[in-house]
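*Asks:* I would like the atomic coordinates for the input below:
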Amino acid sequence: MDHQPVTSWETDYDHTHPDHAANALQIWDDLRSGCPVAHSERFGGMWVPTRHDDIAMIAANADGNYTSQGVVVSEVRPTNPAPVGDAPPITSDPPFHKIARSLLLPAFAPKPINALEPFTRAFCHELIDQIEARGAAEVDAAVEYAQHIPVRIIAHMLGLPAEDGDLFREFIHRIIEAPVERPDLDPEDTLDHYLDTRIAEHRGNPRSTEDGDLIDFLINARIDGNGLADEHIRGTIALLLIAGIDTTWSAIGSSLWHLAQHPEDRARYVSEPDIRMFAHEEFLRAYAPVTMARIAAKDHDLRGCPVQKGDWLLLPFPAANRDPEMFENPDEVVLDRQANRHAAFGLGIHRCLGSNMARMELSVAIEVWMERLPNFELIDPATVRFSAGQIRGPRELPVRLL
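*Replies:* Numbers count the residues shown, from 1 in each chain. Just a heads-up that it's a prediction; the model follows:
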């Protein structure tokens, strides 16, 4: 993706720029204390609030100023109209949002997610076994560990081939990191084609809801007695793939990135098991991976900014988690922080329905790594590469095992 230089983060904001990926925390801090609502003419016009209260207000949408029809800022506008959108329920507005979300809640309730914990733990140990079998003193904790875990778990839930992980990563890169039009892309190389093929395979081999996977579940689901349209099924699976993979591997990678730089925190994590639950939540607060978006449904004023109908609103939940008006010492990672109502899973009606799964994967991944490889450090901070776009986490994390 060809990036034009950013002239000013206040007036020419570009979250897809490599400079933003490397310096996002500082950029948000600078904006929050100076120009708390940034602007950009890129992507057809975009506003970026950085204070917790403004982000929470937009997410709550009490005045109906925003639609969730588009949640990924792109040069390509969403095609399916509100209230359904392209990827229900995250792109859905009330009242359809509640209907679409309710369909998925049972699959992501604590009981079924807890049932996946042994599978997840065994897979994490398998990954560490592979690392140790290499006998190398250096390992990429993102590429060889973090990025495999949610791919395997979500593929297992959806009934998709685990070996398609590289395809999932490519789809995520196109949609999240480089959201531009690709007129020369072969239609058969798109996520839509991939999912349509998998849905057709499931329809050709029907299974009951009890015996099937999440795709079978969606095929069998009913709204007012009617089956879901293929567009609904495809959009929801796309949501689960993207939201269930990149977000979680980014959270795992960022947690390991922190621990690699703080031996005192590694020591506490190992010696004080009672703080681990709080530590995982603190990693989520301090290194929240997800930024969401909305589209202005009508002209309105936002802290003196003239938002026009159709403008993008970018909601950096990680910036909200670093607001000193909301958190004491927000830039300090406190492993046993008690008061921690963070926004890592979003705010408002679209708060992440997969939070139980994300928490389970994060906690298991960090626990297993620290059990097996508790002593490690960054080889060179300059070689760590964070992803651009609306999900931020280390894509490359070279560490040295001590």
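*Asks:* alpha carbons only for contacts and neighbour counts from here, please
*Replies:* OK.
*Asks:* could you give the number of residues near Ile223?
*Replies:* 10 (other C-alpha atoms under 10 Å).
*Asks:* what segments of the stretch 201-350 of the chain are helices?
*Replies:* Using DSSP state H, counting those that start in this stretch, the helices of the stretch 201-350 of the chain run over 214-220, 230-261, 263-271, 276-286, 317-320.
*Asks:* show me what the helix or strand where Cys124 lies is packed against.
*Replies:* Element membership for Cys124 (DSSP states H and E) is helix 117-134. Judged by 3 or more C-alpha pairs under 8 Å, 6 or more residues apart in numbering; DSSP states H and E, helix 117-134 is in contact with helix 149-158, helix 355-372.
*Asks:* export these as a markdown table, with columns for mean pLDDT and distance to Pro110.
*Replies:* Listed next are these as a markdown table, based on pLDDT from 0 to 100; distance: least, C-alpha to C-alpha, whole Å:
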| stretch | mean pLDDT | distance to Pro110 |
| --- | --- | --- |
| helix 149-158 | 91 | 15 |
| helix 355-372 | 98 | 6 |
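*Asks:* nearest to Glu264, of these?
*Replies:* Among the helices and strands packed on helix 117-134, the nearest to Glu264 by C-alpha to C-alpha is helix 355-372 (13.2 Å).
*Asks:* whichever helix or strand comes after the closest one pairs with which strands?
*Replies:* Going down the chain from helix 355-372, the next helix or strand is strand 376-378, by DSSP H and E. Applying DSSP bridges to the sheet, strand 376-378 is found paired with strand 398-401 (antiparallel).
*Asks:* now the partner strand: mean pLDDT?
*Replies:* Taken as a whole, strand 398-401 has an average pLDDT of 98.
*Asks:* who touches that strand?
*Replies:* With contact meaning C-alpha atoms under 8 Å, 6 or more residues apart in numbering, strand 398-401 is reached by 137-142, 260, 373, 375-380, 383-384.
*Asks:* what does stretch 149-165 give?
*Replies:* With C-alpha under 8 Å, 6+ apart as the test, stretch 149-165 has contacts from 120, 123-124, 148, 168, 198, 213-215, 237, 240-241, 244-246, 248-249, 361, 365.
*Asks:* do the same with stretch 110-121
*Replies:* Ala107, Ile149, Ile153, Asn356, Met357, Met360, Glu361, Val364, Ala365, Val368.
*Asks:* quick revisit: what's the closest of the helices and strands packed on helix 117-134 to Asp274?
*Replies:* Using C-alpha to C-alpha, those put helix 355-372 closest to Asp274, at 12.3 Å.
*Asks:* any idea how far that closest one is from the middle of the chain?
*Replies:* Computed by C-alpha atoms, centre = their mean, to the nearest Å, the chain-centroid distance of helix 355-372 equals 16 Å.
*Asks:* pull out the buried positions in it.
*Replies:* Within helix 355-372, the residues scored as buried using 16 or more other C-alpha atoms under 10 Å are 355-370.
*Asks:* stretch 228-248 now?
*Replies:* Using 16+ other C-alpha under 10 Å as the test for burial, stretch 228-248 gives 228, 231-248.
*Asks:* grab the most central residue of the chain for me.
*Replies:* Nearest residue to the geometric centre of the chain (C-alpha atoms, centre = their mean): Thr247, 2.7 Å.
*Asks:* who's in contact with it?
*Replies:* By C-alpha under 8 Å, 6+ apart, Thr247 lies in contact with Pro289, Val290, Ile391, Arg392.
*Asks:* closest to Ser68 out of these?
*Replies:* Once C-alpha to C-alpha is applied, the member of the contacts of Thr247 that ends up nearest Ser68 is Val290, at 15.4 Å.
*Asks:* where's the nearest residue to Thr16 once chain neighbours are set aside, which helix or strand?
*Replies:* Nearest residue to Thr16, sequence neighbours excluded (C-alpha to C-alpha, 6 or more residues apart in numbering): Gly389, at 4.3 Å. Here Gly389, judged by DSSP H and E, is contained in no helix and no strand.
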